[in-house]
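>>> Build me a structure from this.
(2 chains)
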Amino acid sequence: MRYRIRDGVVLKCICGEYLLIATGEAAKHCLYVRQVNDSLAFFWQKIEAGLEEDAVVQKAMEEYDAPDELLRKDYHRLLKELEDMSYLIPVEEPTL
Amino acid sequence: METIELLAAGLPIRLTLRHSSTRRYFRRFLLETSAASRFPSDAWLALPPVDASALQQEQKRLGFDPAFAEYSLLIEAFGNPVLRFRRFLFHGVAIAWRGKAWILTGKSGVGKTTQLHHWEALFGEEYHLISGDKALIEDRDDGFWVHPSPWTGKEGEHGSGCAPIGGIVLLEQGKENSIQRLSPAEAVFPLFLQFLYRPLECESVDLVCAYEEQLLRTVPVWKLVNRGDEASAKLCHDYLLKEDRECATASGTASS
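Model (predicted):
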């Protein structure tokens, strides 16, 4: 499953703490503001940069020195969480 | 429609009102014509009239007269554009005490006004009220200054004067009274919720984030967990007094 960030949702950092903020129309679908931890912020920034899963996991392995399998599982869990909170929207895979 | 000119936190403001009776809510801030003329045109914050259908809906929601509905909607109309003038609206009671402004903030219903009433009973001669519910904070080169805004809370308490900010007290309800200093990181989320603006676009969010970053790096924040009793007000007062004296000693300024 691929995802895109809902338009209007932004990640901000204030005094080292991360907030996900829903602006404009996004506020009708998500909580206005939510504090998130460093690891979620890390993954979010990779999603924002448009990285595919393998690249995200590779970056995470460099950052956290954890095994591929564990990080991939965490990443999938996170994507599902963000989808449930309406911050991410699933994108249909193109069919051949 | 009627256009009125105000001065709040040193900012000249031009409002276009759909109901002339709304003017009464701003009477303490009205700017005399002679004073208005000294402000250059680009110094003014001019707000268009509130949307007519939004006004109708607000009036139905509040069940009040249209003037009050318009007054309420103008908070939303004001909260965003004022950000571009190095000022922001902040939810909290603000008092001037020991030469500085101290803000009591927290969720609606947490007990800010109750805490203020206890301060009035115990320490009424030591302070005066700057703002009863929504303070207008100015980002000056020498720090943040707290001013009254035209918008009061449901108690309708107006304040006056202004002062440089001394600290912010975040209120929470609890079974026991306690007070502790919060780190900037600990204060980020609860304080962010007290900025009064609408996240309509990224520019406003960016400005609020920048203000909060600067605020938290320069202004102490404490969390007061309290039972809503007089003892909590005494705890808060005595603790801040000690902190303020220590701060004055450290900076070499006079204290009392």
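
>>> Just give me the neighbour total for residue A:11.
17 (other Cβ atoms under 10 Å in any protein chain shown). Placement of C-beta: from N, CA and C, glycine included.

>>> Doesn't it belong to a helix?
No. Applying DSSP: H, G, I helix; E, B strand; the rest coil, one finds residue A:11 to be strand, outside a helix.

>>> now it, nearest residue through space, not along the chain?
residue A:44 (5.2 Å; Cβ to Cβ, 6 or more residues apart in numbering or on different chains).

>>> gap between the one you found and chain B?
16 Å (Cβ to the nearest Cβ, to the nearest Å).

>>> next helix or strand past the helix or strand hosting that residue?
Using DSSP states H and E, residue A:44 sits within helix A:38-48. Next along the chain after helix A:38-48, taking DSSP H and E as the criterion, comes helix A:53-64.

>>> returning to that earlier point: any idea how far residue A:88 is from the residue nearest to residue A:11?
Applying Cβ to Cβ, to the nearest Å, the value for residue A:44 to residue A:88 is 9 Å.

>>> Now for those two: what residues contact both?
Overlap of the contact sets of residue A:44 and residue A:88 (by Cβ atoms under 8 Å, 6 or more residues apart in numbering or on different chains) consists of A:5, A:82.

>>> Please go through chain A and pick out the longest helix.
helix A:68-84 (DSSP state H).

>>> which residue sits closest to residue B:177, ignoring its sequence neighbours?
Per Cβ to Cβ, 6+ apart, closest to residue B:177 is residue B:232, 4.4 Å.

>>> need the contact list for residue B:61.
residue B:69.

>>> Name the residues of the host helix or strand of it that are buried.
Using DSSP H and E, residue B:61 sits in helix B:52-62. Across helix B:52-62, burial judged by 16 or more other Cβ atoms under 10 Å in any protein chain shown covers B:55, B:58-59.

>>> Of the residues you listed, which ones also sit close to chain A?
Contacts with chain A are made by none of these, judged by Cβ under 8 Å from any Cβ of the partner chain.

>>> What about residue A:89? Give its phi and psi, please.
Main-chain dihedrals, residue A:89, degrees, to the nearest 10: phi -120, psi 130.

>>> which residues touch residue B:111?
B:171, B:173, B:226, B:228.

>>> Local confidence estimate at it?
Residue B:111 is assigned a predicted lDDT (pLDDT) of 93.

>>> Repeat that for residue A:94.
66.

>>> Could you pull up the residues touching the residue nearest in space to the middle of chain A?
Residue closest to the average C-alpha location in chain A (Cα atoms, centre = their mean): residue A:44, at 3.3 Å. Residue A:44 sits next to A:5, A:11, A:20, A:36, A:82 when contact means Cβ under 8 Å, 6+ apart.

>>> How much space separates it from residue A:53?
For residue A:44, the distance to residue A:53 - Cβ to Cβ - is 14 Å.

>>> now residue B:149
Counting by Cβ to Cβ, the gap from residue B:149 to residue A:53 is 49 Å.

>>> which residues touch the residue in the stretch 1-150 of chain B that chain A sits nearest to?
Chain A sits closest to residue B:80 of the stretch 1-150 of chain B, with a gap of 11.4 Å, by Cβ to the nearest Cβ. By Cβ under 8 Å, 6+ apart, residue B:80 lies in contact with B:197-198, B:200, B:204.

>>> now residue B:116
Taking Cβ under 8 Å, 6+ apart as the test, what residue B:116 contacts is B:93, B:95, B:104, B:129, B:132, B:157.

>>> So residue A:30: helix, strand or coil?
Criterion first, three-state DSSP; result for residue A:30: coil.

>>> give me the number of residues near it?
Residue A:30, neighbours per other Cβ under 10 Å, totals 19.

>>> State the distance from it to residue A:89.
From residue A:30 to residue A:89 the distance is 11 Å (Cβ to Cβ).

>>> Check the contact lists of these two and give me the overlap.
residue A:6.

>>> quick one on the thing from earlier: pLDDT of whichever helix or strand comes after the helix holding residue B:61, averaged?
Heading C-terminal from helix B:52-62, the first helix or strand you meet, by DSSP H and E, is helix B:66-79. In this model, helix B:66-79 carries a mean pLDDT of 93.

>>> Off-centre distance for the helix holding residue B:61?
The chain centroid and the centroid of helix B:52-62 are separated by 25 Å under Cα atoms, centre = their mean, to the nearest Å.

>>> Likewise for stretch B:235-252?
Centre to centre, stretch against its chain (Cα atoms, centre = their mean), the figure for stretch B:235-252 is 23 Å.

>>> and what of stretch B:130-137?
Taking mean C-alpha positions (Cα atoms, centre = their mean), stretch B:130-137 and its chain are 3 Å apart.

>>> now do stretch B:231-249
21 Å.

>>> same check, this time on stretch A:24-31
16 Å.

>>> pretty sure residue B:24 is in contact with residue B:67, am I right?
Yes. Counting by Cβ atoms under 8 Å, residue B:24 touches residue B:67, with 7.1 Å between them.

>>> who touches both of the two?
Shared contacts of residue B:24 and residue B:67, counting by Cβ under 8 Å, 6+ apart, come down to nothing at all.

>>> Please say which of the two ends up with more neighbours.
A direct count of neighbours by other Cβ under 10 Å for residue B:24 and residue B:67 places residue B:67 higher, at 18 against 10.

>>> can you tell me which residues contact that one?
B:19, B:21-22, B:24-25.

>>> How many residues are close by the residue lying closest to residue A:93 once chain neighbours are set aside?
Among residues not flanking residue A:93 along the chain, residue A:2 sits closest, at 6.3 Å (Cβ to Cβ, 6+ apart). For residue A:2, the neighbour count with other Cβ under 10 Å is 13.
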